[in-house]
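Visitor: Fold the following.
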Amino acid sequence: MKFQLLATAAFLASVTEALPASQSASAIKCGITLDGRVPNNTPLSAFDTAASPFNPDNTKGQNLTFSKIILLPAVQPSKFDVPTNKALEATISDESIFVPAPGKEQVGFRRVGLLLGNGSDESNVGVKTFHWSVKQDSARLMNLTHEYLNVFHEANDFASNQFSFGAGTLLNADQQIAANVSAADLDKNLWKFLDRKNNIISTTAISVDEWQNFAITLDYVKK
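Guide: Residues are numbered from 1 along each chain as shown. Now for the predicted structure:
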């Protein structure tokens, strides 16, 4: 399973061990399994190399490099970036059409996937908590008449996601799956958490002005 982040906003992400129920947050520091934070001295050119915290080859449009897609905006860092890391912004355009190998152009989508992990790493065992923060770029707001899949943890068979996090107007197929939820939950102006079957399990309003911090825990032992 691979942990992917797709965004038109600045964000960070890390994966940590979950706290045992018997221990308080102040009594233990969890180890980080995967870390997508970007150190302050990181140049854009690093995202095209093995120095990147993300896979430098996937996922992006044909003939694009991550140094042409990613921006390092001059914004106040999130609470998790202070003091040594900075925000990262990923942009999408009509050049962001992905071609799987082998396969045909996925013309129905625009993709920029910042990929953490390799499908068989420690983020896929035990109990893990995924953290990320999102802040909107006021000059490049999401067009919420489309569906945005901003963060997801994909199964190795590519048939589903362990969870996904997005916004906007769900695709017709996803709306049919989510038919048992209220119209309020389908509001395009909400961030939506979806489970492995694409059921909406939680929503919250999108903030245009502030950092929003999220976390979700997966228990692989209990499935």
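
Visitor: what about V151, how many neighbours?
Guide: Using other CB atoms under 10 Å, V151 is surrounded by 24 other residues. Just so you know, the C-beta spots here come from the backbone N, C-alpha and C atoms, and that holds for glycine as well.

Visitor: Apologies, that question was intended for I32.
Guide: A count of nearby residues for I32, using other CB under 10 Å, gives 13.

Visitor: Give me the pLDDT for it.
Guide: Predicted confidence (pLDDT) for I32: 89.

Visitor: One more: K68?
Guide: Looking at K68, its pLDDT reads 95.

Visitor: Quick check: it vs P77, distance?
Guide: Separation of K68 from P77 (CB to CB, to the nearest Å): 23 Å.

Visitor: Comparing these two, which residue is more hemmed in?
Guide: Legend: neighbour count by other CB under 10 Å for K68 and P77, higher for P77 (20 against 15).

Visitor: Enumerate every residue touching the more buried one.
Guide: Counting by CB atoms under 8 Å, 6 or more residues apart in numbering, P77 touches 85-87.

Visitor: For it, which three-state class applies?
Guide: Assigned by DSSP: H, G, I helix; E, B strand; the rest coil, the conformation of P77 is coil.

Visitor: distance of K29 from S78?
Guide: Distance, K29 to S78, using CB to CB: 19 Å.

Visitor: Between these two, tell me which one has more neighbours.
Guide: Remark: of K29 and S78, S78 carries more neighbours, 21 against 9, as counted by other CB under 10 Å.

Visitor: SS state for the residue nearest to the more buried one when sequence neighbours are not counted?
Guide: Sequence neighbours aside, S133 is the residue nearest to S78 in space, at 4.0 Å (criterion: CB to CB, 6 or more residues apart in numbering). Secondary structure for S133, judged by three-state DSSP, is strand.
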